[in-house]
Structures are given as C-alpha cells and as structure tokens.
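> Only the shape, not the letters, is given here:
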C-alpha cells in the first residue's frame, strides 16, 4: 500500500500542473502522506511506498527542486518508505541523495515514445486498453528489459514495479490478465521491499 | 499541540454543521489528525490532544453518535491522545466509553448562558474581546470553579484547559494578559498530561 | 435546460445537508444560477428553469425559510424562470408567494412512501433501476395521477415534469424507454413553459 | 464594478499558475463572470469590466492562447464589457483581435522593473505600502505618463485605470490619499467607459 500525493487540483484530478514553491510541495506531500497513513495506522497496517500522482509525477521526473521537496517530505515522515518513479529521473536522483530507497516503475497501460517517455495523454495512442497488449508489453519489460515504442523501435527499460491506473476502463481486466500470465511464466509478484 | 478536526466547510471555516453519517465523521477526523500529525512527526514533535473544531465541536457535545465516531477515530489513531471538550458533554461520555483520557475545556473569550452553554455567536454578547474581562472570567473559573453567566447568575464550571480562539481579534492580548495574571497568582500553566 | 443549485458539499455531491443561514442560501443559489446561465448566454441559449439539487431539494421541500431564499434568488435573477419541486411542498408555496411559476415534479427512478415522499436513499428499495418498472410508474402518474407506494397503497400525485437522475446507472435506458412508451401512447413530451 | 476571474487555486488565492488547456480557461472565466454578474443583476446593477486575477493576469499578459481564451469568454458573455490589463500585453492584443474594448492598467501599490514589468512579489521591494509614495507614483503616471523603476530609471507608461489591491494592508489609506490628491489637482476619477 502506498500514498499517491498530488497537486490540490480537484477539478483536474491532479493532472494539471500547478506552480508551487518548494515549501508548498514539501507541505502538500507531507500532509497527504499523513492523511493516508492515518487510515493504515487505524487499521493496523503499514505504508510501504510513496509515488507522486499525475502532474506532480511528471514534474518531479524532470525538475530537481520538486523531486527534492518530495523526497525530503517522505524522508522526514518515515525514512523506511520506498519512493516510486521513473528510472533515471530527477525523482530517482533525489531519492538517492536523500537516502531513500527507490523503485523504478513502468506502465502496463501506457505507450512509450522512442525517447522512453510516456506518450502524452493528449495523443490518441497514449493508452493501452486491450489487456492482451498490456500483458505483452509487461512480459517484454520483465523478460527482455525493453519496451517497443510507438514508432516500433525497441528501447531499454528497467522496472521493479508495474503501474495500472485504477481509473482506467480496463484496469481490472489488465490486472487479472497480468496476474495469470506472470504466474504462468513462473514470475512471482510481490510488494517491493528491501533488507 | 493538538489537532482540531472539523467539517469540510471551507467557505464557513467549519462553523456550519453538515449532516454526515458516522463513517464519514470517523474518516474525516482520522484524515485530519493524520495530516496534522505528519508535520509534527517530520519536526520530531508529538501530538498531545484532539479537539473538534467549530460546528463539529457543538454537534459532538450533544450527539452521542458523532461523539462516538470522533472518539473512535482518535483511539484507533493513537490511544495516548487526550480528547478535549466541554464538561459533562456527549464527547466526554464517548471518551470515557472508548477509554480515552479527557480534558474539560472552558473559554476565556466567550460568554456563558445560565444553562452553562456558550452564548451562540449569533448573539451580540457572545464574544469577550476585552482582555481584562477575559482574565477575570478565567481567574474565577480557576479559583472558584464558577462562571458568571450573561444574566448575572453564577454557575459551576470545571476546566483543565482554557480556550482562546486564534482567529479572535484580541487573541494575542488575552493570551498575554492571562499568562501574566495566572503566573502572578502562582498558578502554573502547563500542557495537559496524565500519569 | 435548467440550473440545479446545491450545497457546496463537493465530497458528498451536494447530498449532505449543511446548516446555512438564509443569506448564505440566497447567495449560493444566485451564484450557481449565474454560473450556469453564462454558458447558455455564450451559446445563444436560454435558461428555462431552476431546481434545487440533492439535500437542498429535500430541505427546501419542508423548510419555508430555505424555500423562500431559493425562490427569491431565482426571482431577482430572472422572474421568467420556472421553479421545479415537489407538489404541495414549501418550495411550491414559496414560488407562489414570490410570484414565480412552479412546475410539480415526480420521479421515474425513485419509489414513494405511503405518505407520498421519496423513499430515502438509505433504504434498499429507494431506487428504480429497471426501465420497465420506471415506465410503468410514469404511465400511471400521467394517466391516473397516482403512484403505487412501496407498501402497495395507491396514492394521488400530480406532476408536470418527470425526473430521471443523470448519475443513475439506468438513466439512459429509462429515458429511452420512457420516450418510446409515452410517444406510443400519444403523450407529447415538451419543456414546461407558460405564456 | 468588474469581475476578476482567476485560477481555481483556493489555497493560493489564485496566485499560483495552473497549466490549463484553452477550453478550461474559457470555461473557468465564463463561469466566474456569470457568477459575479448574477449578484449585479439581482441588485439591478451592471457589470462594467473584466480583469483576470493573480497568476491568470500574469499568464494572460504573456501567453497569446490564454489571453485569447479570456477575451473570447468575455466577448461571448457580453461584448459590451471592457477588458482590463497591462499596456502592450498579449491581453491587449487579444482584446483588439476579439473586438473588445481594452483599458490599460497601472498599479498604485506595486513597484516596476526597468523593463516596465511589476517587480515580482517574491522581491522585498515589490509592494508600495506607504500612501505618499503611492500617490507620488500615480501622479507621475497621470501627469508625465512615466513611472520611476526600482533602479531609478524613468520609463514610459500609459494607463486609463489604476489598481489598488483590496487585500493590501494600506489599501484604504492609499485609496483615500489618491482620491484627495487627484481631486486637488483637478483630475477627475471616473469608471472607464467608451462612446
């Protein structure tokens, strides 16, 4: 279980970037982690990771200051938490600098550009809604550490965790299909943990 | 330091009652305690108490179900926390039932009705903004365990904690005057704690 | 096209009552009508009616002060607008007092108590999701001016407009089925208007 | 009287930029103009102008697409409205293209950079809180069509309207002092209007 803090953009579900200063990002992330953690605490459970949501994820991937503010909020809340984000991003660098463990993430339900970035949601081919395609993409990521971009080129990718967007139309179907396929291949699915 | 959870009534600063069901009250209180606590945790500090804010305070004083939902949220978050509220209220009863410690609260900056309730804010004489009057009221509460109501009658009151509303115009002046007067009388001001 | 002003309860979609004073209700309704009307104005269209939403609808049905505040906001915005609400409600009385035209509303997708009120949403039999049942209920309302309550009793009802909740699972199916059935019976569906 | 639409950034009072698409800007502006206008309508008054607020003002000054979306929302709501903004800005260009009248605005309570822009609020010398300085700046703007920038250079400025921020500490004092000084000089203060 993880916390997915995002911009206070209710109408846009946190998918529209807001220009916040560093202190505001730190406060916002700390606030949201604490809020989620209280439910786990009351239920006798433990928070495992933090992953920025929506536009904050994208911003933190390329902006060192935003990434640093997020990493520090996570660290001062609980330094045992794992930060999730794209491989080789500013978020990954900030986790390392701060002393947080980091988990590289790839997507089952999004296509990739030849540069290894997610195809923006404004493009028609951004989403993968067919579970067979999603499974194929993930199996290639796991077994070959590559992904086939929208132009057909094959690019390297490293991932310890796979994202399926919970608000996607095919989320449940993709999750079920992935579970079956990965299990059949003898690949064990488990929550990221270190030690 | 305490958490003051209230209704999600942004425009009305939580001073307008909302009809929530019990689960919604529990979730709302837990969420807000967790959010505040995260800042204390990051700063190496500890939360001491929880006191419902505004309309939620009034509702919880007279409604056993609301009071119980609040007490349970506090308990499952951290059973060491102290719940604040009016003496002999539903909130006090809920704290006792749940096994939470309770701290009876009185007000330095609000007048009282002959029934021992706060004069509603809609009345012109609800607020005490003169620090001399506020100090006099508190000294009477502490030394005689009574308060003089708006009709001149003297009624019993028990309090272990005194509230000064932070958004009151005279808040700082009242706090300073109280600190001086209580100290002069040899009365020690300290955070409520048990054991 | 109509405006459906409601309480500023974002999390609860306006379905949780808030204790507002009369001026707050007036301002809130005026604000929301104006916001909706601006889109119609920009599109060269005209607003036809106003119908309170969710908890505000229920409150205005039984509380004369809330009903009056709504009716006045509508009147001062545009006295040509039609107010929608339940027959014989406080809202209907307020419309008459204020000089607004009123349109009595009944529901295709909600069951009725023997007292002629909507079965509360907290009851399992509150909603009608089967379009055949919905059509049957409306045809009975139109042809016999009665509705069969949840206990089987037949009670009188008067309606000039029929509500289908847009967020109901069967909304589109009910609307289509109603359109076909009413048309087949030679009943003409048209927007309420006076002149 | 004017409408001051801004970003839906409640915590930041609309002073933090949000990345919205053009349709979102158009809708947001239309919504807010309509909401304000409803109160004027109910009070028998008329809206005179529209001026974007906070971060939206800054964005619209330099971004042609944002400026155009605002100008179109104003135009389709009521083409008689006057758009307010900085001289020679994208907002001014958009008003001209759209066919809206435009009123150039200068500030009584803000300092200017040598480039003729407002000193950012993050700078310590951004605000003018002393009413004598504010009056001096405005008199210079009116009589000489110049302003003295923070580095002492004198730059040209054209203004038909003067802004005093309503949430500034000295707002009332500046307004009073300006009214006296301008009147003494025989300068007539009146609402912008054309024809």
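In hand now; what should we look at? Values in this document were obtained by computation on a predicted structure and should not be read as measured data.
> Please make it C-alpha for all contacts and neighbour counts, starting now.
Noted.
> helix/strand/coil for residue A:182?
helix (DSSP: H, G, I helix; E, B strand; the rest coil).
> Distance check, it against chain B.
Per CA to the nearest CA, to the nearest Å, residue A:182 is found 36 Å from chain B.
> what do you get for residue A:122?
From residue A:122 to chain B the distance is 33 Å (CA to the nearest CA).
> Local confidence estimate at that residue?
With respect to pLDDT, residue A:122 has a value of 87.
> State the three-state secondary structure for the closest residue to chain C within chain A.
Going by CA to the nearest CA, chain C is nearest to residue A:10 of chain A, at 9.5 Å. Following three-state DSSP, residue A:10 is assigned to coil.
> burial count for it?
By other CA atoms under 10 Å in any protein chain shown, 13 other residues sit near residue A:10.
> same thing with residue A:88?
Residue A:88 has 12 neighbouring residues, counting by other CA under 10 Å.
> Look up how far chain D lies from it.
For residue A:88 relative to chain D (CA to the nearest CA), the value is 25 Å.
> and that residue, that's in a strand?
No: read with three-state DSSP, residue A:88 is coil and lies in no strand.
> what sits against the residue of chain A closest to chain C?
Residue A:10 makes no contacts at all, as judged by CA atoms under 8 Å, 6 or more residues apart in numbering or on different chains.
> What strand or helix carries residue A:176?
For residue A:176, the host element (DSSP states H and E) is helix A:171-184.
> Can you tell me what sits against that helix?
In contact with helix A:171-184 (CA under 8 Å, 6+ apart) are residues A:129-132, A:134-135, A:138-139, A:164-165, A:188-189.
> Close to chain B: what parts of chain A are there?
Neighbours of chain B within chain A, by CA under 8 Å from any CA of the partner chain: A:27, A:30-39, A:41-43, A:73, A:76-77.
> Which PyMOL command selects the buried ones in the residues you listed?
Selecting only the buried entries of those in PyMOL, with 16 or more other CA atoms under 10 Å in any protein chain shown as the criterion:
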select buried, chain A and resi 27+30+31+32+33+34+35+36+37+38+39+41+42+73+76+77
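> hang on, the earlier thing: what pLDDT does the residue of chain A closest to chain C get?
Residue A:10 carries a pLDDT value of 94.
> any idea where the strands of chain A begin and end?
Ranges of strands in chain A, per DSSP state E, are A:2-3, A:49-50, A:82-85, A:101-107, A:146-148, A:154-156, A:161-163.
> okay if I get those strands as a markdown table plus distance to chain C and mean neighbour count?
Shown next, in a markdown table, are the strands of chain A (distance: least, CA to the nearest CA, whole Å; neighbours: other CA atoms under 10 Å in any protein chain shown):
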| stretch | distance to chain C | mean neighbour count |
| --- | --- | --- |
| strand A:2-3 | 19 | 20 |
| strand A:49-50 | 24 | 23 |
| strand A:82-85 | 28 | 25 |
| strand A:101-107 | 30 | 21 |
| strand A:146-148 | 39 | 22 |
| strand A:154-156 | 42 | 13 |
| strand A:161-163 | 26 | 15 |
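> The helix ranked longest in chain A near chain C anywhere?
In chain A, taking DSSP state H as the definition, the longest helix is helix A:22-42. No: judged by CA under 8 Å from any CA, helix A:22-42 makes no contact with chain C; its nearest approach is 15.8 Å.
> The closest residue to chain D within chain A - nearest residue in space that isn't next to it in sequence?
For chain A, the residue closest to chain D is residue A:18, as judged by CA to the nearest CA, at 4.3 Å. In space, and not counting its chain neighbours, residue A:18 is closest to residue D:18: 4.3 Å by CA to CA, 6 or more residues apart in numbering or on different chains.
> Let me see the contact set for that neighbour.
A:16-19, D:7.
> So what's the residue count around residue A:89?
Neighbours of residue A:89 (other CA under 10 Å): 18.
> and it, what does it touch?
Residue A:89 touches A:61-62, counting by CA under 8 Å, 6+ apart.
> same thing but at 6 Å, please
For residue A:89, the contact set (CA atoms under 6 Å, 6 or more residues apart in numbering or on different chains) comprises residue A:61.
> Now it: phi and psi?
Phi and psi for residue A:89, reported as degrees, to the nearest 10, are phi -100, psi 170.
> Give me the pLDDT for the residue nearest to residue A:18.
Looking at residue D:18, its pLDDT is 98.
> what's the spacing between it and residue D:58?
Going from residue D:18 to residue D:58 by CA to CA, to the nearest Å gives 12 Å.
> How is chain A divided into domains?
If you go by automatic domain parsing, the domain ranges for chain A are A:1-104, A:108-195.
> Least confident of the ones you listed, on average?
Across the domains of chain A, the lowest-scoring stretch is domain A:108-195, with a mean of 94.
> Quick check: beta-bridge partners of residue A:105?
Assessed by DSSP bridges, residue A:105 has beta-bridge partners residue A:161.
> quick one: it from residue A:143, how far?
With CA to CA as the criterion, residue A:105 and residue A:143 are 15 Å apart.
> can you check residue A:160 too?
12 Å.
> Looking at these two, which one has more neighbours?
The neighbour count for residue A:160 versus residue A:143, taken as other CA under 10 Å, is higher for residue A:160 (16 against 10).
> about what we covered before: how close does the residue nearest to residue A:18 get to residue A:3?
Distance from residue D:18 to residue A:3, by CA to CA: 23 Å.
> do the same with residue A:29
Separation of residue A:29 from residue A:3 (CA to CA) stands at 9 Å.
> Run a quick neighbour tally on the nearest residue to residue A:145 once chain neighbours are set aside.
Leaving aside its sequence neighbours, residue A:145 sits nearest to residue A:157 (CA to CA, 6+ apart; 5.2 Å). Using other CA under 10 Å, residue A:157 has 19 other residues around it.
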